[in-house]
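Student: Structure here, sequence nowhere to be found:
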């Protein structure tokens with residue numbers, strides 16, 4: 001059983017057990033959506049995540065610290081290309097290396113499926129996420145104008161595997 005940790009958010013990040021990653025299932029969605037709402041101005045809905053779980057090209061994973069969901073990543077794999085659709089770590093667990101571990105896992109998964117490159121979009125204003133992606137070897141390849149529902153542009157980034 002996954003325990004809700006939002007009631008006691010002052011607990012240290014290293015408390016609660018080992019860091020693990022597993023496939024996302026519908027029972028993880030309340031925790032994923034809670035992290036989504038804390039992470040994004042325009043969060044994905046429960047129903048959108050639920051529909052992605054039945055998408056044949058989609059692969060979603062959750063990160064645990066002990067039995068606590070602390071993050072997630074999603075990617076689509078089509079032929080030899082992976083596309084990261086979403087990625088977040090709960091704000092209380094950021095800058096502790098968990099996002100790096102989760103992104104590394106996603107990239108290795110894409111590579112294991114025969115992907116030669118990984119693409120993603122990130123808000124032009126999200127400099128923290130851009131810096132993380134650059135550390136993984138992503139580079140800017142373009143802009144998608146008014147990509148987000150609020151009209152903000154997306155920076156398109158690519159990494160060759």
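Tutor: Now that the structure is in, tell me what you want to look at. Computed from a predicted structure; not experimentally measured.
Student: which intervals of the chain have sub-threshold pLDDT?
Tutor: 1-16 (pLDDT under 70).
Student: ok now the longest helix along the chain, how far from the chain's centre?
Tutor: Using DSSP state H, we find that the single longest helix of the chain is helix 98-112. Relative to its chain's centre, helix 98-112 lies at 10 Å (CA atoms, centre = their mean, to the nearest Å).
Student: Same question for stretch 64-75.
Tutor: Mean C-alpha position of stretch 64-75 versus that of the full chain (CA atoms, centre = their mean) differs by 9 Å.
Student: can you check stretch 108-127 too?
Tutor: Distance, stretch centre to chain centre, for stretch 108-127: 10 Å (CA atoms, centre = their mean).
Student: Go through it and flag the buried ones.
Tutor: Going by neighbour count (16 or more other CB atoms under 10 Å), the buried part of stretch 108-127 is 109, 110, 115, 118, 119, 120, 121, 122, 123, 124. Every residue, glycine included, has its C-beta placed from N, CA and C.
Student: cool, and stretch 88-108?
Tutor: Of the residues in stretch 88-108, those buried (16+ other CB under 10 Å) are 88-90, 92-94, 96, 98-99, 101-103, 106-107.
Student: How about the contacts made by residue 43?
Tutor: 33, 36, 37 (CB atoms under 8 Å, 6 or more residues apart in numbering).
Student: If any of the residues you listed are buried, put those into a ChimeraX selection.
Tutor: Command for ChimeraX, covering only those of the contacts of residue 43 found buried under the criterion 16+ other CB under 10 Å:
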select :33,36
